[in-house]
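Undergrad: this one's sequence-less:
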């Protein structure tokens, strides 16, 4: 997926992973009742932040799946797709290959 948005400093561009539209019992959840998902895929990363004149690179790379707050970041619409720009400090965790988020 090629997106022509390049974050600056320690900002990260992510695409939130949509949650299922129905519960296990088959109840369909309307769009108005859905919460923003807490998982996202990293689409682009900035170069990092400066500390004492030195560049500290971001610990994430394109393609990583992360956990983040449901209401954090700045939502943007680009080319008909919804993305979120967040600061690196807003990322709670990186999901590894075998890690799965807890289900409610």
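TA: Sure, I can see it. This one's a predicted model, so the numbers in the text were calculated from it and none came from an experiment.
Undergrad: per-residue confidence at the closest residue in space to residue 48 that isn't next to it in sequence?
TA: Once flanking residues are discounted, residue 48 sits nearest to residue 57: 4.1 Å by Cβ to Cβ, 6 or more residues apart in numbering. In short, each C-beta sits where N, CA and C put it, glycine included. Residue 57 carries a pLDDT score of 90 in this model.
Undergrad: wait, residue 57 sits on residue 47?
TA: Yes - assessed by Cβ atoms under 8 Å, residue 57 is found in contact with residue 47 at 7.0 Å.
Undergrad: where does this structure have low pLDDT?
TA: Scanning the chain with the threshold set as pLDDT under 70 gives 1-2, 19-37, 97-104.
Undergrad: any chance you could map the strands in it?
TA: 11-16, 39-45, 49-51, 54-56, 65-68, 74-78, 81-87, 91-95 (DSSP state E).
Undergrad: deepest of these, which one?
TA: Counting by mean count of other Cβ atoms under 10 Å, strand 11-16 has the highest mean neighbour count of the strands of the chain, with a mean of 21.
Undergrad: got the contact list for that strand?
TA: 3, 5, 7, 36-37, 39-46, 58, 60, 66, 68, 73, 81-88, 91 (Cβ atoms under 8 Å, 6 or more residues apart in numbering).
Undergrad: next one: stretch 66-78
TA: Under Cβ under 8 Å, 6+ apart, the answer for stretch 66-78 is 3, 5, 14, 35-42, 60, 82-87, 90-95, 101.
Undergrad: repeat that with 10 Å
TA: If you take Cβ atoms under 10 Å, 6 or more residues apart in numbering as the criterion, stretch 66-78 is touched by 3-5, 11-14, 16-17, 35-43, 60, 82-87, 89-95, 99, 101.
Undergrad: Just the endpoints, please. Distance across it?
TA: When the termini of stretch 66-78 are compared using Cα to Cα, to the nearest Å, they are 21 Å apart.
Undergrad: With residue 96 as the reference, measure out to the closest residue to residue 86 other than its chain neighbours.
TA: The spatially closest residue to residue 86, leaving aside those adjacent along the chain, is residue 73, at 3.7 Å (Cβ to Cβ, 6+ apart). The spacing between residue 73 and residue 96, counted by Cβ to Cβ, to the nearest Å, is 22 Å.
Undergrad: Many thanks, have a good one.
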